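# got a sequence here, can you model it:
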Amino acid sequence: MSDKKIPSTFTLSRRRVLKTLAVGSAALSMPTLAANASESSHDYSKTINFKGDHQAGVITKEQKDASFIAFDVTSETLDGLETVLKILTERIAYLTQDHVLPANTDDKLPPHESGILGRALKPDSLTITVALGDSLFDKRFGLAPFKPKYLQTMTSFPNDRLEPNWCGGDITLQICADSPESVIYAVRDIIQHTNRYLSPRWKMDGFLPSRDIDNKSTAINLFGFKDGTGNASASDEKLMNELVWVTDTDKEQSWCVGGSYQAIRLIRFNLEFWDRTPLEDQENNFGRHKISGAPIGMKHEQDSPEFDKDPHGDRILFDSHMRRAEPRNPERHTAKLRRRSYSYSLGLSNTGALDMGLIFVSYQKNLKTGFIDTQKRLNGEPLERYIKPFGGGYYFVLPGLNNDQSYMGANLIQLAKKPT
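Residues are numbered from 1 along each chain as shown. Now for the predicted structure:
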């Protein structure tokens, strides 16, 4: 098995021909876009139900804007933690519905809310997904006996340079909507209502940089490649139960059923270096054509890479990102996860370089067979020359709010309250 670039003149020529064919096919199939059509069709009233067996925002189609914020719990009692979870549930219920905002009747008091949305609060496809970190299951609240089986502190992989101020957190919120102002409004509202109990630890804002006007195309990351093509279909309930959701047949804590493990990785891109890299090397690193997103040698994004017809890695290199992440040996969805990532931009680093990259997010029912095993396959990939993970963590997404609970996390809190 060789992971070197193909040295022969014949193979390189064939590689360029395949690339040309794929790019040409993509150009012929591109739709004509109407100017400003996406702006005029924006529906701020769209509501995503926050109730159900699972939380929204996990397999929900990605909204355009996001904020990931981690908190440390400052309350020292289980009752205080319970209050936090009740407040979060109340605010999520409120923020995901239509409201006419109340007028301020006393100018000697702070306003009821930020005012950045005017007098009308529209849901704007808002989802707020609540997850618990490994640190919450220490001795403070008596939760240790009920910790999810695979939950752990995120440790470094060989290419990581983790910064403590960008890692961990007792509780994380993934807040997503179809406009940045809707996300910001929700962030400020939640901080306003929880600041007696929660202290923000880190926060990263994300966005999707490019989509086709029909909103069906896979989002493009800041390297210019489509990100998340291999995702399993969210409409396939059986597959989601196999990959994403903890079910009652899994050997997990009983309160975990309906939840999922969340992996967040903050990854800085070396874009100046990337922009000097030849297109052929960029495509070899990913194993896909840049414009169409198709596997090298294929025409369409969703085409099978047909690894079985490329046993020596002549077409799609063994070291390519797609081949390492999901070798499809022996089956499809080798990576037992579903990703939901966003790009970020923080301005400039201390050295004057662009501080931009990816908020990698994946959901899986088993953290080991999902993200951790997938990342181990990626260790040492050529793409590591252009990326540097520096933060994030592992978390457990609470089950959804169904008829058995009055607030999210109630089943966990009740277990901790039972006399031993």
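# would you check that residue 353 makes contact with residue 275?
No. Counting by Cβ atoms under 8 Å, residue 353 does not reach residue 275; the two are 11.7 Å apart. Where you see a C-beta, it was placed from the backbone N, CA and C, and this is true even at glycine.
# pick out whichever of these two has more residues nearby.
residue 353 (14 against 11; other Cβ atoms under 10 Å).
# what's the pLDDT at the closest residue in space to the more buried one that isn't next to it in sequence?
Among residues not flanking residue 353 along the chain, residue 272 sits closest, at 6.2 Å (Cβ to Cβ, 6 or more residues apart in numbering). What the model reports for residue 272 is a pLDDT of 98.
# residue 272 - that's part of a helix, no?
Yes. Under DSSP: H, G, I helix; E, B strand; the rest coil, residue 272 falls within a helix.
# could you measure from it over to residue 159?
18 Å (Cβ to Cβ, to the nearest Å).
# compare the two (neighbour count), which wins?
Between residue 272 and residue 159, residue 159 has the larger neighbour count (other Cβ under 10 Å), namely 17 against 11.
# now that one: how far from residue 310?
Taken as Cβ to Cβ, the span from residue 159 to residue 310 is 26 Å.
# residue 288 too?
To residue 310, residue 288 is 14 Å away according to Cβ to Cβ.
# neighbour count: these two, which is higher?
residue 288 (25 against 17).
# which strands or helices does the helix or strand hosting residue 70 pack on?
Per DSSP states H and E, residue 70 falls inside strand 65-73. With contacts taken as 3 or more Cβ pairs under 8 Å, 6 or more residues apart in numbering; DSSP states H and E, strand 65-73 sits against helix 78-95, strand 171-177, helix 180-194, strand 198-207, strand 354-364.
# among these, which is the most enclosed?
strand 171-177 (a mean of 26; mean count of other Cβ atoms under 10 Å).
# quick one: it to strand 354-364, angle?
100 degrees (axes from the mean of the first three to the mean of the last three Cα atoms, to 10 degrees).
# how about low-confidence regions in the protein?
Of all residues in the chain, those with pLDDT under 70 make up the ranges 1-40, 210-216, 420.
# okay, and the beta partners of the most centrally placed residue in the chain?
Nearest residue to the geometric centre of the chain (Cα atoms, centre = their mean): residue 361, 2.7 Å. When assigned by DSSP bridges, residue 361 has beta-bridge partners residue 264.
# now it: how far from residue 300?
Applying Cβ to Cβ, the value for residue 361 to residue 300 is 26 Å.
# same check, this time on residue 122
Separation of residue 122 from residue 300 (Cβ to Cβ): 36 Å.
# neighbour-wise, which of those two wins?
Using other Cβ under 10 Å as the criterion, residue 122 and residue 300 rank with residue 122 on top: 19 against 14.
# now the more buried one: closest residue in space, sequence neighbours ignored.
residue 44 (3.9 Å).
# assumed the one you found was part of a strand.
No. Under three-state DSSP, residue 44 sits outside any strand and is assigned coil.
# got the buried residues for stretch 381-397?
381-384, 386-397 (16 or more other Cβ atoms under 10 Å).
# over to residue 344: give its phi and psi.
According to degrees, to the nearest 10, the main-chain angles of residue 344 amount to phi -140, psi 160.
# isn't it up against residue 361?
No. If you go by Cβ under 8 Å, residue 344 and residue 361 don't touch, sitting 11.5 Å apart.
# report how many residues lie close to residue 51.
When neighbours are defined as other Cβ under 10 Å, residue 51 has 15 of them.
# can you pull up the bridge partners for it?
residue 401.
# show me the contacts for it.
400-402 (Cβ atoms under 8 Å, 6 or more residues apart in numbering).
# which of these are buried? Put it as a PyMOL command.
A single PyMOL command selects the buried members of these (16+ other Cβ under 10 Å):
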select buried, resi 400+401
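# need the contacts of residue 51 in JSON lines (columns: distance to residue 282).
As requested, the contacts of residue 51 are exported to JSON lines (distance: Cβ to Cβ, whole Å):
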{"residue": "400", "distance to residue 282": "40"}
{"residue": "401", "distance to residue 282": "44"}
{"residue": "402", "distance to residue 282": "46"}
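# wait, which of the contacts of residue 51 is closest to residue 188?
residue 401 (22.8 Å; Cβ to Cβ).
# mind checking how far that closest one is from residue 258?
Distance from residue 401 to residue 258, by Cβ to Cβ: 10 Å.
# swap in residue 64?
Residue 64 is 27 Å from residue 258, by Cβ to Cβ.
# and what of residue 223?
35 Å.
# for stretch 329-339, what is the distance to the chain centroid?
Offset of stretch 329-339 from its chain centre (Cα atoms, centre = their mean, to the nearest Å): 17 Å.
# just the buried residues of that stretch, please?
Buried-residue list, stretch 329-339, by 16+ other Cβ under 10 Å: 334-339.
# now render those residues as a markdown table, adding secondary structure.
Output for those, formatted as a markdown table (three-state DSSP):
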| residue | secondary structure |
| --- | --- |
| 334 | coil |
| 335 | coil |
| 336 | coil |
| 337 | coil |
| 338 | strand |
| 339 | strand |
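# got CSV for these, with distance to residue 49 too?
Shown next, in CSV, are the buried residues of stretch 329-339 (distance: Cβ to Cβ, whole Å):
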residue, distance to residue 49
334, 32
335, 29
336, 27
337, 24
338, 20
339, 23
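# which one of those sits closest to residue 293?
residue 339 (14.7 Å).
# all strands of the stretch 201-350 of the chain, in order?
For the stretch 201-350 of the chain, applying DSSP state E, counting those that start in this stretch gives strands covering 260-269, 338-339, 342-348.
# I misspoke; the intended subject was the stretch 1-150 of the chain.
For the stretch 1-150 of the chain, strands defined by DSSP E, counting those that start in this stretch occupy the ranges 65-73, 99-100, 120-121, 127-133.
# wait, which of the ones you listed is closest to residue 85?
Comparing those against residue 85 with Cβ to Cβ, the closest turns out to be strand 127-133 (7.8 Å).
# touching both of residue 344 and residue 361, which residues are there?
In terms of Cβ under 8 Å, 6+ apart, residue 344 and residue 361 are not both contacted by any residue.
# ramachandran angles for residue 383?
With angles defined as degrees, to the nearest 10, residue 383 sits at phi -60, psi -20.
# tell me the contacts of residue 206?
Contacts for residue 206 (Cβ under 8 Å, 6+ apart) come out as 65-68, 341-344, 359.
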